[in-house]
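In: can't give you the sequence, but here's the structure:
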């Protein structure tokens, strides 16, 4: 089944039910289907063909959802670009993908036009409203187009999207996903994690260019109502949950922590919630315990990445235990167990399975995997071997098959010949009552090669010294693992999807080095 047929099915099954809400805009399932058909037919009339790439560089809006479905229906390839990226990153992705069409929202239009001279392959520019010169306005463009589905045969093995990596260790790479791989992601999430139905109301922050786009698809599969907040402001999110009787909320650790830290959270009626999901980055265990204390046993986690989208492993509501045995509570530090369609192994540098409790690289095999990186055979050969995606994540298995993520391979610090996992130090830092968030990086050290540096943001009104932080870590860690230095900042830098950006943290320290390792 190709993805476009999911929308056709939803329009037939759920017709006039509200499908999606963003700000003061909303659409029924039938309206989304009609507008998606119009947009697809309009693109075909412009000469855009099956498997051509179409870039969507937009803020969240209901038109975004319509455009996504149009591309899936017509067999065109979705290239979704996060609106928080820099002008250089945006131009790189459009050019690298070879997109011949770009759709934008008004706020982002000038950024794209400034790069126009670098994008000779782009023939068509569309803007949702108030178009700049040389751009077509979306509503006027689709108005005269046919409402019937595009007459294009789309197969499961056809490319559906290029999902670009965050570029945390270099330039972004386009992970190639087919209709089949995305459908398997959706089915994994639905069958083992979300369990959506028509009565659900799903509120999900974040850009539709990232995980939100897949949450929308799953909602359409089941006829659930999907609410897209214009911004993730804790007070507004809590008001929306109370007003709309929201049943599911999706977060990343940074936004979940912001909700937990909101001082008046107890004033809101959150009884409608049945599931709060978190993912995209590791959740500090102590912060997770705080969240469970506030929201109760309603949290669930899913782990994935661009190359194996969203659904490698999951930690269920039932696994979130804070008052059980030591073994049960330890599961809170895990990323859960593999989804049913996946095989997951943890291997050493020679590709051999490691023993339970031993650290190795997490690798994944299954229909959620990418076909490879777009126009990058060298990177594909490194990441995809014999059908296995090598995730770059270091982890361990326990005796029950739960995966514990220790660190990214590239985040491991080697100091004086010892391997130090940044996350292990970060987990200790997050237990300190004065620390709001923390990150640990390796910095150049003439004697030790690299030394451990902690970068810390304190909670409002709190004070802490470098010596106190180092001593606190020394009490919970082997001495060689403790930070040698501490920097205090107002807020840690974030990537476009809300992860702490270690690339930005490391940059000043490694700027004059020949390589980012000693």
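Out: Sure thing, it's come through. Since we're looking at a predicted model, the values are computed, not measured. Numbering: from 1, shown residues only.
In: how about the nearest residue to residue 127 once chain neighbours are set aside, phi and psi?
Out: Once flanking residues are discounted, residue 127 sits nearest to residue 135: 4.5 Å by C-beta to C-beta, 6 or more residues apart in numbering. Where you see a C-beta, it was placed from the backbone N, CA and C, and this is true even at glycine. Taking degrees, to the nearest 10, you get phi -110, psi 150 for the backbone angles of residue 135.
In: residue 135 and residue 92, how far apart?
Out: Computed as C-beta to C-beta, to the nearest Å, the residue 135 to residue 92 distance reads 21 Å.
In: who does residue 54 bridge with?
Out: As for beta bridges, residue 54 partners with residue 78, residue 101 under DSSP bridges.
In: quick check, it in contact with residue 101.
Out: Yes: contact criterion C-beta atoms under 8 Å: residue 54 and residue 101 qualify, at 4.6 Å.
In: the helix or strand containing residue 260 - contacts with which helices or strands?
Out: Residue 260 belongs to helix 253-261 when elements are defined using DSSP states H and E. Where contact means 3 or more C-beta pairs under 8 Å, 6 or more residues apart in numbering; DSSP states H and E, helix 253-261 is packed against helix 234-244, strand 275-279, helix 285-295, strand 435-445.
In: just want the angle from the second one to helix 253-261.
Out: Taking axes from the mean of the first three to the mean of the last three C-alpha atoms, to 10 degrees, one finds that strand 275-279 is oriented at 140 degrees with respect to helix 253-261.
In: what stretches of the stretch 101-250 of the chain score poorly on pLDDT?
Out: 166-170 (pLDDT under 70).
In: show me where it has helices.
Out: Secondary structure of the stretch 101-250 of the chain (DSSP state H, counting those that start in this stretch): helices at 106-114, 138-142, 179-189, 212-222, 234-244.
In: what about the residue lying closest to residue 138 once chain neighbours are set aside, how many residues nearby?
Out: Nearest non-adjacent residue to residue 138, counting by C-beta to C-beta, 6+ apart: residue 128, 4.9 Å away. Applying other C-beta atoms under 10 Å, we find 23 residues neighbouring residue 128.
In: contact partners for residue 128?
Out: 58, 61, 63, 103-106, 137-138 (C-beta atoms under 8 Å, 6 or more residues apart in numbering).
In: of these, grab the buried ones for ChimeraX.
Out: Of the contacts of residue 128, the buried ones go into a single ChimeraX selection, burial set by 16 or more other C-beta atoms under 10 Å:
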select :58,61,63,103,104,105,138
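In: now, which of the contacts of residue 128 sits nearest residue 262?
Out: residue 61 (26.3 Å; C-beta to C-beta).
In: how far away is the closest one from residue 67?
Out: 10 Å.
In: count of neighbours near the residue nearest to residue 127?
Out: Using other C-beta under 10 Å: residue 135 sits among 21 other residues.
In: ok, now the one 5 residues further on?
Out: When neighbours are defined as other C-beta under 10 Å, residue 140 has 11 of them.
In: could you do the one 5 residues further on as well?
Out: The number of residues packed near residue 145 is 19, by other C-beta under 10 Å.
In: show the backbone phi and psi for it.
Out: For residue 145, the backbone dihedrals (degrees, to the nearest 10) come out as phi -80, psi 160.
In: then residue 492?
Out: Taking degrees, to the nearest 10, you get phi -80, psi 140 for the backbone angles of residue 492.
In: now it: how far from residue 144?
Out: As judged by C-beta to C-beta, residue 492 and residue 144 stand 49 Å apart.
In: and what of residue 399?
Out: Residue 399 is 63 Å from residue 144, by C-beta to C-beta.
In: need the pLDDT of residue 253.
Out: On the pLDDT scale, residue 253 is placed at 84.
In: what's the closest non-adjacent residue to it?
Out: Here the residue nearest residue 253, using C-beta to C-beta, 6+ apart, is residue 283, at 4.4 Å.
In: in this structure that neighbour contacts residue 255, no?
Out: No: between residue 283 and residue 255 there is no contact under C-beta under 8 Å: 11.1 Å.
In: any idea how far stretch 481-489 is from the chain center?
Out: Relative to the centre of its chain, stretch 481-489 is centred 28 Å away, using C-alpha atoms, centre = their mean, to the nearest Å.
In: no wait, stretch 337-353
Out: 21 Å.
In: list the buried residues of that stretch.
Out: 337-339, 341-342, 344-346.
In: okay but residue 196 is in contact with residue 202, surely?
Out: Yes: using C-beta under 8 Å, residue 196 makes contact with residue 202 at a distance of 7.0 Å.
In: any common contacting residues for these two?
Out: 219, 224, 248.
In: sorry, back to before: of the helices and strands packed on helix 253-261, which is nearest residue 319?
Out: Going by C-beta to C-beta, the one of the helices and strands packed on helix 253-261 nearest residue 319 is helix 285-295, 11.2 Å.
In: now what about that closest one, what contacts it?
Out: 253, 256-257, 259-260, 265, 270, 273, 276, 299, 320, 322, 332-333, 427, 430-431.
In: next SSE downstream of the helix or strand bottoming out on mean pLDDT in the chain?
Out: Sorting the helices and strands of the chain by mean pLDDT, DSSP states H and E puts strand 418-420 at the bottom, at a mean of 75. Following strand 418-420 in sequence order, the next helix or strand is helix 422-429 (DSSP H and E).
In: elements contacting that following helix?
Out: strand 403-408, strand 435-445, strand 449-458, helix 466-476.
In: what mean pLDDT does it have?
Out: For helix 422-429, mean pLDDT rounds to 88.
In: quick one: buried residues of that helix?
Out: Counting neighbours by 16+ other C-beta under 10 Å, one finds that the buried residues in helix 422-429 are 422-423, 425-429.
In: the more surrounded of residue 492 and residue 144?
Out: residue 492 (19 against 10).
In: where along the stretch 301-450 of the chain do the helices fall?
Out: 326-330, 377-383, 422-429.
In: now render those as a markdown table, adding distance to residue 367.
Out: Compiled in a markdown table, the helices of the stretch 301-450 of the chain are given as follows (distance: least, C-beta to C-beta, whole Å):
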| stretch | distance to residue 367 |
| --- | --- |
| helix 326-330 | 31 |
| helix 377-383 | 17 |
| helix 422-429 | 29 |
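In: for this protein, which helix is longest?
Out: Among the segments of the chain that qualify as a helix by DSSP state H, the longest is helix 29-46.
In: and the angle from the helix holding residue 260 to helix 285-295?
Out: Using the same axes, to 10 degrees: helix 253-261 against helix 285-295 is 50 degrees.
In: check contacts around the closest residue to residue 57 other than its chain neighbours.
Out: Spatial nearest neighbour of residue 57, chain neighbours left out: residue 81 (4.3 Å); criterion: C-beta to C-beta, 6+ apart. Going by C-beta under 8 Å, 6+ apart, residue 81 touches 55-57, 90, 93-94, 164, 209.
In: tell me how far residue 81 lies from residue 261.
Out: From residue 81 to residue 261 the distance is 31 Å (C-beta to C-beta).
In: picking up where we left off before, which one of the helices of the stretch 301-450 of the chain lies closest to residue 214?
Out: Residue 214 lies closest, by C-beta to C-beta, to one member of the helices of the stretch 301-450 of the chain: helix 377-383, at 20.6 Å.
In: now find how far off-centre the closest one is within its chain.
Out: 22 Å.
In: ok, stretch 413-422 next?
Out: Relative to its parent chain, stretch 413-422 has a centroid offset of 28 Å by C-alpha atoms, centre = their mean.
In: in it, which residues are buried?
Out: 413, 415, 420-422.
In: repeat that for stretch 198-215.
Out: Buried, per 16+ other C-beta under 10 Å, within stretch 198-215: 200-215.
In: that stretch spans what distance, first to last residue?
Out: Chord length of stretch 198-215, first to last residue, is 14 Å (C-alpha to C-alpha, to the nearest Å).
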